[in-house]
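S.K.: pasted the sequence and its predicted model underneath.
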Amino acid sequence: MAEINRAIKGTGDVLPKDSYRWQYVEKVMLDTARLYGFREIRVPVFEHTEVFSRNVGDTTDVVQKEMYTFDDKGGRSITLRPELTAGVVRSSIEHGLIYEALPEKVCYIGGCYRYEKPQAGRLREFHQFGIECIGAASPAADAEVISVANQVLRTIGIEKISLEINSIGCPTCRKEYQKALKDYFNANIEELCDTCKDRLTRNPMRILDCKSPVCSKLSENAPKVIDFLCDDCKEHFEGVKAHLDAAGLKYTVNPQIVRGLDYYTRTVFEFVSGDIGAQSTVCGGGRYDGLVAQMGGSNTPALGFGMGIERLLLLLENQKTELPADSKCDLYIAPMGEKAAVKATQLATKLRFDGFEVATDVCGRGLKAQMKFADKIGAKFNIVLGDNELETNKAIIKNMTTGDTKEIELDSISDELMSLINRMALENLTDSVFNNN
RNA sequence: GUGGAUGUAGCUUAGUUGGUUAAAGCGCCGGUUUGUGGCACCGGAGACCGUGGGUUCAAGUCCCAUCUUCCACCCCA
């Protein structure tokens, strides 16, 4: 196929047969967030480049090599958002949300853009669900935010996924830790892989999650952040664990967790799974107590997470999690001839206003072809409209699963259809009850 | 950005040491008494063999380049 007729590298289409899966998980996300008091915020797909470069971090890979940045016609440097937190915080400051009753709790779903080489669970356009809790410093907020992610995952039906948490301290205690870390790795600098030699000066904490055997071996005995936390940070971390225990969340403390965005402080966490290829993080987040002030707001603590929707869907597929099935056509109306077609339009329109999913012929096909079509789209019931029906104003309605038929008045078709569908649902229910016993 | 694999109808694939109009299954459209679909049978549409060069009398098959897709690294959701 010609290149111009294909979707751009790293982007994908959600086809009609799959879109209900997206709609379902998005609904669970928004509904669950609402149970915790998070309301949806919608922010632009692009921002001034500095919103990201200054706040996500100048030295991060995301900013250094992955952003879609361009000049608009007015000469402004614009960037497609690589994540949503920076834009949401910008909006919260701009509209004074951080000066309202705190905490300000917001959630969002939206596309993000990163120029990376695509692979399993990684696209150039991908979608994130996320929440931000702005203006809450207590450990209870950390546990609440993590609980939202947990409840979303459980509600959707994800079974095998684990929560890993860590604390990377505040700027003060982290400085001391990084010094100790540098000293440790400098003593073993010859053994480090090439990229880690580079990391040693740029961001030594990244060495901790290097996958090269030598580096990870070395990391095992490296100083741990937790031992360097100041009293406040330590107390906060203990508080988070206590609240997580109270909420019934299982977690493991993983000192290797270091997030790649500069704004994180104290609590960081990930939900990880081995079922989606090399990209194991489905959800990642943490506290960013310094970001709001850094972006020009008053000193306001905050935290949040991002959840990759494509990765989540991939995980559902790989774990063979059943989602509620897509809805099917309730009734197919098969007209024979032009007069009947007009009547079909009248009936179909009325039934749709009554809330039924109704299809009828729009291709001018013969009866047989129409029946085949009705079967293919999974219509629950059908009626045929011919001269007889037009004359008597009665028709045979047929259950396409059981083959049962019934004569009905066309004038009361809505009520008849309703009771037939209800009966069908009831039978399916009792069937499944018997099968489960 | 680095590395490995890949590319033939909408989908899954066949295509023999290069040799006439590139096959098949599924899917799609229509037909087998215009009053009922699923099954069966019959017929039809649909591919410049990823793209561009090259070798050759001859390239889907060989060579080079390029792009796509997939997987991994880096990094992240």
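M.R.: Looks like it arrived, so ask away. Numbering: from 1, shown residues only, chains lettered A, B, ... in the order given.
S.K.: ok, now how distant is A:K398 from A:D262?
M.R.: Remark: distance between A:K398 and A:D262 (Cβ to Cβ, to the nearest Å) = 65 Å. Every C-beta, even on glycine, is put in place using the N, C-alpha and C of the backbone.
S.K.: what separates stretch A:405-418 from the chain centre, distance-wise?
M.R.: Centroid separation between stretch A:405-418 and its chain, computed with Cα atoms, centre = their mean, to the nearest Å, is 42 Å.
S.K.: start to end distance for that stretch?
M.R.: Taking Cα to Cα, to the nearest Å, the first and last residues of stretch A:405-418 lie 15 Å apart.
S.K.: now the closest residue in space to A:H243 that isn't next to it in sequence, what's its secondary structure?
M.R.: Closest residue to A:H243 apart from its sequence neighbours, by Cβ to Cβ, 6 or more residues apart in numbering: A:A143 at 3.4 Å. With DSSP: H, G, I helix; E, B strand; the rest coil as the basis, the three-state label of A:A143 is helix.
S.K.: what do you get for A:G169?
M.R.: Under three-state DSSP, the three-state class of A:G169 is coil.
S.K.: contacts only, for it.
M.R.: Shown in contact with A:G169 (Cβ atoms under 8 Å, 6 or more residues apart in numbering): A:Y177, A:V225, A:F228, A:L229, A:C230, A:C233, A:T265, A:R266.
S.K.: from these, pick the one nearest RNA strand B.
M.R.: Among the contacts of A:G169, A:T265 lies closest to RNA strand B (Cβ to the nearest atom of the strand), at 14.4 Å.
S.K.: strands of the stretch 201-350 of chain A, start to end?
M.R.: A:252-253, A:265-272, A:281-287, A:302-308, A:331-335 (DSSP state E, counting those that start in this stretch).
S.K.: would you mind giving those as JSON lines with mean neighbour count added?
M.R.: Output for those, formatted as JSON lines (neighbours: other Cβ atoms under 10 Å):
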{"stretch": "strand A:252-253", "mean neighbour count": "12"}
{"stretch": "strand A:265-272", "mean neighbour count": "24"}
{"stretch": "strand A:281-287", "mean neighbour count": "24"}
{"stretch": "strand A:302-308", "mean neighbour count": "25"}
{"stretch": "strand A:331-335", "mean neighbour count": "25"}
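S.K.: can those go into CSV with extra columns for distance to A:K241?
M.R.: Listed next are the strands of the stretch 201-350 of chain A as CSV, based on distance: least, Cβ to Cβ, whole Å:
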stretch, distance to A:K241
strand A:252-253, 8
strand A:265-272, 10
strand A:281-287, 14
strand A:302-308, 15
strand A:331-335, 56
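S.K.: okay if I get those as a markdown table plus mean pLDDT and distance to RNA strand B?
M.R.: Shown next, in a markdown table, are the strands of the stretch 201-350 of chain A (pLDDT from 0 to 100; distance: least, Cβ to the nearest atom of the strand, whole Å):
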| stretch | mean pLDDT | distance to RNA strand B |
| --- | --- | --- |
| strand A:252-253 | 96 | 17 |
| strand A:265-272 | 96 | 6 |
| strand A:281-287 | 96 | 3 |
| strand A:302-308 | 97 | 3 |
| strand A:331-335 | 96 | 7 |
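S.K.: now do stretch A:180-196: everything it contacts.
M.R.: Stretch A:180-196 has contacts (Cβ under 8 Å, 6+ apart) with A:197, A:200, A:204-207, A:210, A:212, A:214-215, A:218, A:222-223, A:228.
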